[in-house]
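In: All I have is the shape, not the residue letters:
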Ligand SMILES: [Zn+2]
């Protein structure tokens with residue numbers, strides 16, 4: 001609509017500045033986790049059926065893995081402080097502190113006012129993927145979660161097995177409340193194994209078939225006591241569609257691991273240190 005000003009090129013040539021310097025965060029120390037990863041024993045396993053969700057609990061100091069089984073499948077992950085559902089995963093700030101897609105060494109941060117690491121990613125078998133020619137990567141913190149409201153807006157259909165509904169039902173079962181009571185606790189997810197980006201021309205969110213294959217996993221260290229919920233997205237590997245019952249879908253497995261007693265020295269990070277006065 002508007003012609004560029006005469007100095008448009010100069011204005012566009014300003015340097016890009018990283019908004020948040022992740023080098024000001026505590027450095028990721030793989031050595032802290034190495035011995036524990038060697039010795040840890042699996043203590044729990046949850047199979048999440050296709051187009052459904054399941055919950056799991058992980059104590060601070062334990063690890064959990066989300067594992068691909070049977071077929072290429074994307075998962076939508078919600079995390080809460082196990083003792084306080086008001087503290088939950090903050091995908092937006094995680095994106096700003098790390099990147100649009102996360103991998104080993106990145107942390108999953110909680111919402112304000114706590115803003116602390118809930119979990120640290122300690123292994124990612126898809127770390128080889130990097131960025132492809134479309135600009136896509138794996139494990140995004142861009143997308144929200146497929147939901148029945150957007151689906152209804154676009155298609156005028158009532159579909160009940162979007163990740164938002166799956167997560168609502170799973171949390172309701174865990175908390176012994178109704179899905180309607182659980183729904184406000186459902187939040188923007190980590191899109192586990194999902195391969196996404198923004199189109200280079202119109203900058204629209206896109207997905208492409210996930211590179212995940214059975215046996216692949218992403219592993220997390222629980223920084224605080226966690227309640228997790230994982231949905232097996234009705235989009236399957238998200239290579240064609242989502243929010244329907246036609247796409248091939250597979251289960252996902254969550255494994256919880258206990259490291260040897262003294263193999264890891266862990267102190268739960270305290271809630272954020274800002275004094276909370278907001279200037280008043
Ligand atoms: Zn989904």
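Out: Everything's here; your move. In this text the structure is predicted, and so the values were computed from the model without any measurement. Numbering: from 1, shown residues only.
In: Can you pull the phi/psi pair for the residue lying closest to residue 41 once chain neighbours are set aside?
Out: Nearest non-adjacent residue to residue 41, counting by C-beta to C-beta, 6 or more residues apart in numbering: residue 258, 5.5 Å away. In this view, the C-beta of every residue, glycine as well, is placed from N, C-alpha and C. Dihedral angles of residue 258 (phi, psi; degrees, to the nearest 10) stand at phi -110, psi 120.
In: Repeat that for residue 133.
Out: phi -70, psi -20.
In: Could you report the distance from the residue nearest to residue 41 to residue 264?
Out: With the distance defined as C-beta to C-beta, to the nearest Å, residue 258 ends up 10 Å from residue 264.
In: need the residues of this structure near the ion, please.
Out: 146, 163, 233 (C-beta under 5 Å from the ion).
In: taking the residues you listed one by one, which sit in strands?
Out: Among these, no member falls in strands (criterion: DSSP state E).
In: so what does the helix or strand encompassing residue 57 touch, helix or strand wise?
Out: Using DSSP states H and E, residue 57 sits within strand 53-58. Secondary-structure packing of strand 53-58 (3 or more C-beta pairs under 8 Å, 6 or more residues apart in numbering; DSSP states H and E): strand 41-48, helix 163-175, strand 226-232, strand 252-258.
In: got JSON lines for those, with mean pLDDT too?
Out: Output for these, formatted as JSON lines (pLDDT from 0 to 100):
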{"stretch": "strand 41-48", "mean pLDDT": "98"}
{"stretch": "helix 163-175", "mean pLDDT": "98"}
{"stretch": "strand 226-232", "mean pLDDT": "98"}
{"stretch": "strand 252-258", "mean pLDDT": "98"}
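In: Deepest-packed of these, please.
Out: For those, average neighbour numbers computed from mean count of other C-beta atoms under 10 Å are highest in strand 226-232, which has a mean of 26.
In: Fine by me, thanks again.
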